[in-house]
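In: Please find the sequence and the predicted model below.
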Amino acid sequence: MTAISEKLYFASPVRLQNMLVSAMGYKLYQKRYTGIYHNLRELVRESREWSEAKQTDYQSEQLHTMVKHCRENIPYYQSLFAEYGLHENDITSPTDLIKLPVLSKKTLRERGREFRTGRETPFIIQRTSGSTGTPLSLHVNERTYKLAMALLVDHEEFHGVPFGARRATFAGRMIQRPENMNPPFARFNRAENQRLYSSYHLNQTTFPHYQRDLDRFQPLEIIGYPSAISDLANHYQQSNSKPNFRPKAIITNSETLLEWQRERIESVFQAPIFDYYGTAEYVLFAGQGLNGLYKINPIISITEILPTDESTTTGSVVATSLTNTCMPLLRYNLGDVATRTTSTRDAQTSVSYLKSITGRVDDYVLTPDGRRIGRLDHIFKGTSNISEAQIVQDSIDHCKVIVVKQNKNASLNSSEIIKNLKLRAGEKMKIDIEVSHSIPRNRNGKFRSVISLLNENEECL
């Protein structure tokens, strides 16, 4: 929202706010789900049944077309191809991508204008500050944007939630001012049959209002940040109550889904979680299936996992856009780490499935002996009375574990947490436990399970 419209919205009564939310919803509905969306939706549905050969043929053809477009129209790639002596005929299949260097976020931020044609009008401009705070404008064409919408709808429908079904959303939307603690804490988007719940106002006092509102709405789907939905589930457990509705599926996104969050959410709502992984750059979509694996869609991109020295399955996620001619990204390092299903050191092998997305590169703890360890939610196994927790590393040999207790009056098994973390990080790691009333989210309401405060010199030790 612009500053003026935001001021008008917050000054309006709830009834008018619902009308404004629905008006914006109808506007977005027209932008997202009309025109070529329907053809793309059918293509996405068909792609689920593609053989490996069909997928490779499709990606090879689209890749060659994209590389040709880059050589002819994109300043950055014109210079890069000249430097490497490459022509589009040198890159005709996913295995040829190794001929190109990996593109970093730093390069994209510093030279963003060189990735645009200057002649193609973007359908949307996605603005993101990222972890560095440096703004980046991502130009996206209509095909890519509506394909992203079709991919999410396909993910939901594949898991039993039809388009237009009642949907409860818990994300980073500020639906009323933070200081306004008066119910209702949700607004209704009539265009998509969606009830938007505030993740910023939920506490022990306000929870009964959320509970009654959800029971009246009877959502078939809950979608949003894992941390926000886990917080909601925690309040059900704390109040020894149960939802009077049964979602068909819970769809999580935007944060790394931690195992303890999954266990809590599925236990409370008696419904399966199907996480998905998407990106602000619209270069990758991977949806979790019944088998727990993330299936990467082959239409929007080609995905590689570049293995680390220590692992043949886990590494950096690198994606090549096959659709966004407005601002093409070839071999773009997303800054995330994932684990593939098969062990290989062949960087030329494109990936169809991911076993897990283990988080951002900076969501790792660096040990005194130089190892990077992730997925540290396992350190809380065997412990109880934890509502949520965050690990903050402030030096190469020290971590602080901030814990919010589920029951303020009950004890916390701190020694077990320290033991489990030392088991992974080593005995040289010093660990302190800090009990807190809450753990702050970042500006868009997202929760980070690990925060590294190390500077570059410490990371190089």
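Out: Perfect, thanks for sending it. As the structure is a computational prediction, the values presented were derived from the model and not from experiment. Numbering: from 1, shown residues only.
In: all helices for this protein, in order.
Out: For the chain, the helices identified by DSSP state H occupy 3-11, 14-32, 37-47, 52-73, 75-84, 105-110, 142-158, 207-217, 226-238, 259-269, 414-425, 456-459, in order along the chain.
In: quick one, the second one and helix 142-158 angle?
Out: Right, helix 14-32. Computed with axes from the mean of the first three to the mean of the last three CA atoms, to 10 degrees, the direction of helix 14-32 lies at 110 degrees from that of helix 142-158.
In: Next up, the contacts around the closest residue to A186 other than its chain neighbours.
Out: With CB to CB, 6 or more residues apart in numbering as the measure, Y197 is the residue that lies nearest to A186, at 4.6 Å, once sequence neighbours are left out. The way it works is simple: take the backbone N, C-alpha and C, and place the C-beta from them, glycine included. Listed by CB atoms under 8 Å, 6 or more residues apart in numbering, the contact set of Y197 reads A168, T169, F170, I175, F185, A186, Y210, D213, L214.
In: Generate JSON lines for those residues, with neighbour count, distance to P440 and pLDDT as supplementary columns.
Out: JSON lines is the format used below for the contacts of Y197 (neighbours: other CB atoms under 10 Å; distance: CB to CB, whole Å; pLDDT from 0 to 100):
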{"residue": "A168", "neighbour count": "25", "distance to P440": "24", "pLDDT": "98"}
{"residue": "T169", "neighbour count": "22", "distance to P440": "21", "pLDDT": "97"}
{"residue": "F170", "neighbour count": "27", "distance to P440": "17", "pLDDT": "95"}
{"residue": "I175", "neighbour count": "21", "distance to P440": "19", "pLDDT": "91"}
{"residue": "F185", "neighbour count": "21", "distance to P440": "19", "pLDDT": "96"}
{"residue": "A186", "neighbour count": "24", "distance to P440": "23", "pLDDT": "97"}
{"residue": "Y210", "neighbour count": "23", "distance to P440": "20", "pLDDT": "97"}
{"residue": "D213", "neighbour count": "16", "distance to P440": "25", "pLDDT": "98"}
{"residue": "L214", "neighbour count": "21", "distance to P440": "25", "pLDDT": "98"}
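In: now for these, which pair is the farthest apart?
Out: By the measure CB to CB, the contacts of Y197 have their two most distant members at I175 and L214, which lie 14.9 Å apart.
In: okay, now the domains of this structure?
Out: Segmentation of the chain into domains, based on automatic domain parsing, reads 3-32+160-273, 364-459.
In: and of the ones you listed, who's closest to S137?
Out: domain 364-459 (16.9 Å).
In: circling back to that earlier point, quickly, which of the domains of the chain bottoms out on average pLDDT?
Out: Out of these, domain 364-459 stands lowest, with a mean of 82 (criterion: mean pLDDT).
In: Tell me the gap between that domain and the middle of its chain.
Out: Per CA atoms, centre = their mean, to the nearest Å, the displacement of domain 364-459 from the mean C-alpha position of its chain is 21 Å.
In: And the average pLDDT for stretch 121-132 is what?
Out: Mean per-residue pLDDT for stretch 121-132: 75.
In: Repeat that for stretch 315-330.
Out: Throughout stretch 315-330, pLDDT has a mean value of 96.
In: what's the span of that stretch, first residue to last?
Out: Across its full length, stretch 315-330 reaches 18 Å end to end, with CA to CA, to the nearest Å as the criterion.
In: Let me see the contact set for the residue nearest to the spatial centre of the chain.
Out: When the chain is reduced to its mean C-alpha position, the nearest residue by CA atoms, centre = their mean turns out to be S254, at 2.5 Å. Residues touching S254, when contacts are defined by CB under 8 Å, 6+ apart, comprise A171, G224, Y225, K446.
In: hmm, try it at 7 Å
Out: Y225, K446 (CB atoms under 7 Å, 6 or more residues apart in numbering).
In: tell me which of the contacts of Y197 is nearest to I124?
Out: Taking CB to CB as the measure, I124 sits nearest to T169 out of those, at 20.0 Å.
In: Go ahead and confirm that closest one touches I223.
Out: Yes. T169 is in contact with I223 according to CB atoms under 7 Å; the separation is 5.4 Å.
In: intersection of neighbour lists for these two?
Out: Where contact means CB under 7 Å, 6+ apart, no residue is in contact with each of T169 and I223.
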